[in-house]
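Enquirer: Compute the structure for the input listed below.
(one chain, ligands or ions: 1)
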Amino acid sequence: MQNLYLLPNAEEEIIDSYDEDIIVTSRDGKIIKVTQISGCNYDLPAKDLLGQSVYELEEKGIFSPAITPLVLKQKKKVVIVQTTTNGKKVLITGIPLFNEINEVEFVISYSYEVSELFTLQEYLNELEGEMSAVKGELALLREESLTVKGIISESKSMKQILKTVNKIAPLNVAVTIQGEIGVGKSTIAKLIHKQSLRQNGPFIEVNCATIPDAIFENELVGGAKTGTPEKIGFLQMAQSGTLYLQGVDELSLASQTILLKSLQQTNGNFRIVSSTERGLDDLTANKRFREDLFYFLHVVPIHIKPLRERLEDLSKIIEKYVDRYTAAYQVNKILSDSLFHELLHMEWGGNHLEIKNVVERLIVQNETDIITNDDLPVEYRRNDSGLDTFVIDGRTLPAILDKVEEKVLLSAQKRYKTTIEMAKVLGISQPSVVRKLKKYANK
Ligand SMILES: Nc1ncnc2c1ncn2[C@@H]1O[C@H](COP(=O)(O)OP(=O)(O)OP(=O)(O)O)[C@@H](O)[C@H]1O
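Expert: I've put the predicted structure just below:
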């Protein structure tokens with residue numbers, strides 16, 4: 001730094017031209033000049049400072065520490081923070097003024113009260129700590145929500161899908177995944193994201209079916225247009241990540257127009273993956289889906305077959321859910337072969353979601369170690385009453401009906417907790433249920 005030289009008779013003008021706390025000390029530490037507000041940080045009138053020694057003031061704890069000795073020693077500008085007797089923080093800068101033989105002749109210092117800055121700094125540090133904790137948590141949650149381990153792909157068609165995903169995930173193309181409810185569309189969308197170059201970015205899921213037309217634009221592009229700029233839209237949230245438009249076939253034509261316009265206007269740095277239950281090409285042909293939006297979204301189509309058409313996957317999935325729920329509920333149960341066979345040949349319109357639900361119910365609601373067809377929830381039981389086993393048996397009709405009644409009652413007793421519930425399901429009175437149960441119990 002270039003040395004500052006004291007100009008003769010110039011100090012007065014310099015000092016008086018500032019509405020600042022400035023103090024000038026001589027090389028022996030005496031205060032020789034002050035401004036009108038000097039001393040206010042130390043709760044002293046300016047005139048009381050004049051003539052005092054900074055060494056003494058330091059000893060009394062008023063200048064803690066004094067800056068003049070430091071500047072004299074270092075012969076250069078010094079910046080320190082003083083703590084005053086009443087706990088205020090004062091940022092003080094000391095500058096040496098040199099004489100002709102290059103010795104420090106005077107020290108000029110100016111100070112600002114910075115307690116608030118310190119409080120702000122502490123607050124910022126605290127915020128920073130919280131932010132990094134939240135960031136860590138977010139990364140963990142993102143990782144968890146995107147974990148796609150254990151994808152079952154025994155069937156040829158699922159293997160082919162995984163191959164396609166492998167190929168297209170690193171490319172920035174739009175993908176449309178079609179399939180029935182619960183067939184694994186969002187699982188594949190997450191897999192595409194995980195295998196893409198944007199894997200560390202966000203995966204933003206937009207459930208198209210649940211957003212009313214009136215607020216769709218607001219949800220997509222945020223509140224800038226509606227006077228609520230603090231509202232961030234999905235398109236902004238998805239930057240450098242993946243935008244997953246779940247159930248895009250559920251959008252009304254009005255919302256489709258908004259979506260297309262917003263996607264075209266936004267310089268979106270994200271990958272779009274959409275899911276649909278219905279074929280978008282059919283909807284487009286029937287004018288229920290905008291053709292231009294169709295071409296925008298439908299670059300790579302992936303079709304996931306329902307589980308009933310993927311028996312190899314279905315079989316593994318039933319086993320997986322049995323393992324999962326026996327472990328979760330700490331029970332030791334297996335499905336009978338006949339029940340397993342039955343499950344393999346059901347419709348499963350809700351695919352994974354439905355199977356998961358039924359297997360959990362089977363594991364939780366039955367007390368026997370081997371779960372059989374009779375343990376299926378009523379709505380899943382086949383509509384045959386097993387009468388064939390009774391008919392040609394030389395028994396009378398009342399005896400056969402009696403046997404059927406006994407079977408129905410005992411099976412209902414296993415399933416329902418109270419006789420009131422049984423009566424309601426079977427459509428007879430509760431005393432009737434009690435009477436019949438007694439009758440069969442005594443047989
Ligand atoms: N191939 C698979 N292997 C193992 N589990 C799977 C597979 N596909 C999906 N699942 C599981 O099935 C459940 C439903 O899957 P997902 O949510 O991906 O279906 P979806 O088709 O997106 O459903 P929706 O129709 O509700 O959008 C999830 O718990 C998922 O982990």
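Enquirer: Where do the domain boundaries of the protein fall?
Expert: By the assignment in automatic domain parsing, the chain contains the domains 4-113, 161-304, 307-383, 387-443.
Enquirer: Dump the ones you listed to a markdown table, plus mean neighbour count and distance to the ligand.
Expert: The way it works is simple: take the backbone N, C-alpha and C, and place the C-beta from them, glycine included. Putting those into a markdown table (neighbours: other C-beta atoms under 10 Å; distance: least, C-beta to the nearest ligand atom, whole Å) gives the following:
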| stretch | mean neighbour count | distance to the ligand |
| --- | --- | --- |
| domain 4-113 | 16 | 56 |
| domain 161-304 | 17 | 3 |
| domain 307-383 | 15 | 3 |
| domain 387-443 | 13 | 27 |
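Enquirer: got a markdown table for those domains, with mean pLDDT and distance to Ser155 too?
Expert: Shown next, in a markdown table, are those (pLDDT from 0 to 100; distance: least, C-beta to C-beta, whole Å):
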| stretch | mean pLDDT | distance to Ser155 |
| --- | --- | --- |
| domain 4-113 | 84 | 70 |
| domain 161-304 | 93 | 9 |
| domain 307-383 | 91 | 4 |
| domain 387-443 | 78 | 34 |
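Enquirer: Make a markdown table out of the ones you listed and add distance to Gly129.
Expert: Shown next, in a markdown table, are the domains of the chain (distance: least, C-beta to C-beta, whole Å):
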| stretch | distance to Gly129 |
| --- | --- |
| domain 4-113 | 21 |
| domain 161-304 | 23 |
| domain 307-383 | 36 |
| domain 387-443 | 52 |
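Enquirer: For Ala133, find the nearest of those.
Expert: With distances scored as C-beta to C-beta, the stretch of the domains of the chain nearest to Ala133 is domain 161-304 (18.6 Å).
Enquirer: Find the helix or strand that Ile80 is a member of.
Expert: Assessed by DSSP states H and E, Ile80 sits inside strand 78-83.
Enquirer: Check Ile31 too.
Expert: In this structure, Ile31 sits in strand 31-34 according to DSSP H and E.
Enquirer: so how far is stretch 70-79 from its chain's centroid?
Expert: 53 Å (C-alpha atoms, centre = their mean, to the nearest Å).
Enquirer: likewise stretch 74-81?
Expert: 49 Å.
Enquirer: And it, end to end?
Expert: Chord length of stretch 74-81, first to last residue, is 17 Å (C-alpha to C-alpha, to the nearest Å).
Enquirer: what do you get for stretch 202-222?
Expert: Note: stretch 202-222 ends 17 Å apart using C-alpha to C-alpha.
Enquirer: and if you look at stretch 71-91?
Expert: Here the two ends of stretch 71-91 are set 15 Å apart, with distance taken as C-alpha to C-alpha.
Enquirer: what does it rub up against?
Expert: 1, 27, 41-43, 61-65, 67, 70, 92-96, 104, 107, 109, 111-115, 117-118 (C-beta atoms under 8 Å, 6 or more residues apart in numbering).
Enquirer: Of the residues you listed, which belong to strands?
Expert: Among the contacts of stretch 71-91, the members found in strands (DSSP state E) are Ile92, Thr93, Gly94, Ile95, Pro96, Val104, Val107, Ser109, Ser111, Tyr112, Glu113.
Enquirer: what about Val273, which helix or strand?
Expert: Counting by DSSP H and E, Val273 is part of strand 271-276.
Enquirer: Pairing partners for that strand, with directions?
Expert: Strand 271-276 has its sheet partners listed here by DSSP bridges as strand 175-178 (parallel), strand 242-246 (parallel).
Enquirer: Next secondary structure after the first one?
Expert: Right, strand 175-178. Next in sequence after strand 175-178, counting helices and strands by DSSP H and E, comes helix 185-194.
Enquirer: Asn41 against Tyr110, yeah?
Expert: No. In this structure Asn41 lies outside contact range of Tyr110 using C-beta atoms under 8 Å: 10.9 Å.
Enquirer: and the strand holding Ile80, how far out from the chain's middle?
Expert: 45 Å.
Enquirer: who does it pair up with?
Expert: Here, using DSSP bridges, strand 78-83 pairs with strand 89-98 (antiparallel).
Enquirer: what angle do the partner strand and strand 104-113 make?
Expert: Here the directions of strand 89-98 and strand 104-113 differ by 160 degrees (axes from the mean of the first three to the mean of the last three C-alpha atoms, to 10 degrees).
Enquirer: so Met237 makes contact with Ile204?
Expert: Yes. Using C-beta under 8 Å, Met237 makes contact with Ile204 at a distance of 4.9 Å.
Enquirer: Between Asn41 and Tyr110, which contacts overlap?
Expert: With C-beta under 8 Å, 6+ apart as the test, Asn41 and Tyr110 both reach Asp21.
Enquirer: Tell me where the stretch 151-300 of the chain has helices.
Expert: 156-168, 185-194, 213-221, 234-237, 253-265, 280-285, 291-297 (DSSP state H, counting those that start in this stretch).
Enquirer: Run through who's touching the shortest one.
Expert: Read it as helix 234-237. 202, 204, 206, 219-222, 243, 262-263, 266, 268, 270.
Enquirer: nearest spatial neighbour of His118, skipping sequence neighbours?
Expert: Check again: residue 118 is Phe, not His. Distance criterion C-beta to C-beta, 6 or more residues apart in numbering; nearest residue to Phe118, sequence neighbours excluded, is Lys89 at 5.0 Å.
Enquirer: And for Thr419?
Expert: Val433 (4.6 Å).
Enquirer: Surely the one you found is in contact with Met422?
Expert: Yes. Between Val433 and Met422 there is a contact at 4.9 Å, judged by C-beta under 8 Å.
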